[in-house]
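Novice: here is my input; please provide its structure:
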Amino acid sequence: MENKKVTQEELLYRQSLSLQDKIDMTCEKIESWYDHWQGNIYIAFSGGKDSTVLLNLVRSIFPEVPAMFSDTGLEYPEIREFVKTVPNCVMIKPKLTFRQVIEKYGYPIISKEQSSYLFDMQRSKSEKLRDLRINGNRWGMGKISKKWLFLIDAPFKISPYCCDKLKKYPAHQYEKQTKRHPMIGSTVEESFMRRETYLRFGCNAYETNRPISMPLAFWKEQDIWEYIHKYNISYSKIYDMGYNRTGCMFCMFGVQLENNPNKFQKMAITHPQLYKYCIENLGLGNVLDFIGIDYKNDKK
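Specialist: Numbering: from 1, shown residues only. All right, here's what the predicted structure looks like:
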């Protein structure tokens with residue numbers, strides 16, 4: 001089966017569908033993925049709202065499909081406790097800790113793309129690559145944003161490899177051992193990169209280096225919550241504590257785009273001990289100070 005490209009018009013149309021139409025289309029994608037791999041699939045379960053909906057939909061059709069949770073040590077305690085309530089869910093651990101990753105590679109800041117470019121500038125001796133990161137290619141792509149050029153001389157290392165080392169590599173090992181192929185709950189609303197991936201391959205990317213399915217890709221956040229409330233689906237209580245997203249607690253990707261209170265300011269209230277550990281012990285406070293992002297919450 002070939003990958004199927006999606007046009008911008010098709011994406012907009014799918015995003016405009018009713019919830020029931022979206023459910024029907026998603027279930028069709030799930031069944032196709034299951035049939036193609038003869039049932040050798042799994043649900044990449046993060047404990048967040050999107051993967052919770054995906055888990056419910058997949059198991060409404062194929063109850064035996066296992067889930068896999070990557071226990072990086074960076075998840076909110078409420079997420080981890082919720083995951084423990086899910087049957088047939090294996091928890092895998094990475095070989096490195098977050099501290100080891102930032103010490104060896106650097107801190108994840110701004111975005112994966114910009115961190116990658118900054119990593120090259122801090123580490124590479126290639127003049128050609130360094131020129132690319134400053135000036136971009138002939139289309140102006142591949143360069144560090146002017147806003148973040150000052151980070152080249154930051155007194156700390158910057159790297160995009162946190163997610164790779166803590167989540168992707170363990171997941172690849174799980175897939176290698178089990179011969180199963182992942183379904184993830186990502187949506188195109190989450191990032192430009194995921195939108196581009198969806199437009200290029202559609203929901204089910206069969207012929208990529210790592211075949212992967214994103215059957216919820218065209219759903220919007222409001223659809224996720226409508227489904228949860230309509231079908232009375234249990235979800236992590238972290239969402240009732242003021243958090244809209246539940247990625248890794250200490251990740252700084254995108255924090256510069258958040259309104260106050262940002263994730264760290266919220267953490268100061270809801271998880272003061274973990275906040276103190278990441279800000280002081282892991283040095284995130286120094287990094288955020290250098291970038292110019294307020295992380296303190298004086299209302300606590």
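Novice: next, the contact list for the residue nearest to Thr7 when sequence neighbours are not counted, please.
Specialist: Among residues not flanking Thr7 along the chain, Leu199 sits closest, at 7.4 Å (Cβ to Cβ, 6 or more residues apart in numbering). Placement of C-beta: from N, CA and C, glycine included. Applying Cβ atoms under 8 Å, 6 or more residues apart in numbering to Leu199 gives the contacts 5-8, 11.
Novice: can you select the buried ones among the residues you listed for me in PyMOL?
Specialist: Per 16 or more other Cβ atoms under 10 Å, the buried members of the contacts of Leu199 correspond to this PyMOL selection:
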select buried, resi 6+11
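Novice: will you turn the contacts of Leu199 into JSON lines that also has distance to Pro66 and secondary structure?
Specialist: Listed next are the contacts of Leu199 as JSON lines, based on distance: Cβ to Cβ, whole Å; DSSP: H, G, I helix; E, B strand; the rest coil:
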{"residue": "Lys5", "distance to Pro66": "30", "secondary structure": "coil"}
{"residue": "Val6", "distance to Pro66": "28", "secondary structure": "coil"}
{"residue": "Thr7", "distance to Pro66": "34", "secondary structure": "coil"}
{"residue": "Gln8", "distance to Pro66": "35", "secondary structure": "helix"}
{"residue": "Leu11", "distance to Pro66": "30", "secondary structure": "helix"}
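Novice: point out the least confident one among the contacts of Leu199.
Specialist: For these, the weakest pLDDT value sits at Lys5, with 86.
Novice: which one is it nearest to, not counting chain neighbours?
Specialist: Leaving out its chain neighbours, the residue that sits closest to Lys5 by Cβ to Cβ, 6+ apart is Arg200, at 6.2 Å.
Novice: list the buried ones in the helix or strand hosting that neighbour?
Specialist: Assigned by DSSP states H and E, Arg200 falls within helix 192-201. Neighbour-count burial for helix 192-201 flags 194-195, 197-199, 201 (criterion: 16+ other Cβ under 10 Å).
Novice: which residues touch His271?
Specialist: Here His271 is in contact with 76-77, 249 (Cβ under 8 Å, 6+ apart).
Novice: all helices of the protein, in order?
Specialist: Using DSSP state H, the helices found in the chain span residues 8-15, 19-36, 49-61, 77-83, 98-104, 112-123, 127-135, 162-163, 169-178, 192-201, 221-230, 263-270, 272-276, 284-291.
Novice: state the distance from Lys147 to Arg194.
Specialist: Going from Lys147 to Arg194 by Cβ to Cβ, to the nearest Å gives 23 Å.
Novice: and for Lys276?
Specialist: Counting by Cβ to Cβ, the gap from Lys276 to Arg194 is 33 Å.
Novice: was I right to think Val53 contacts Leu216?
Specialist: Yes. Under the criterion of Cβ atoms under 8 Å, Val53 makes contact with Leu216 at 6.7 Å.
Novice: between the two, what contacts are shared?
Specialist: 185, 224.
Novice: any idea of the mean pLDDT in stretch 101-115?
Specialist: On average, the pLDDT along stretch 101-115 is 96.
Novice: make that stretch 216-233, sorry
Specialist: The model assigns stretch 216-233 a mean pLDDT of 97.
Novice: ok, the closest residue to Ser145 other than its chain neighbours - how many residues close by?
Specialist: Spatially, and ignoring its direct neighbours in sequence, Ser145 is nearest to Gln114 (6.3 Å; Cβ to Cβ, 6+ apart). By other Cβ atoms under 10 Å, 19 other residues sit near Gln114.
Novice: just send the buried residues of helix 192-201 back as JSON lines, with pLDDT and distance to Ile109 too.
Specialist: Below are the buried residues of helix 192-201 laid out as JSON lines (pLDDT from 0 to 100; distance: Cβ to Cβ, whole Å):
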{"residue": "Arg194", "pLDDT": "84", "distance to Ile109": "20"}
{"residue": "Arg195", "pLDDT": "87", "distance to Ile109": "22"}
{"residue": "Thr197", "pLDDT": "86", "distance to Ile109": "23"}
{"residue": "Tyr198", "pLDDT": "91", "distance to Ile109": "26"}
{"residue": "Leu199", "pLDDT": "90", "distance to Ile109": "27"}
{"residue": "Phe201", "pLDDT": "92", "distance to Ile109": "29"}
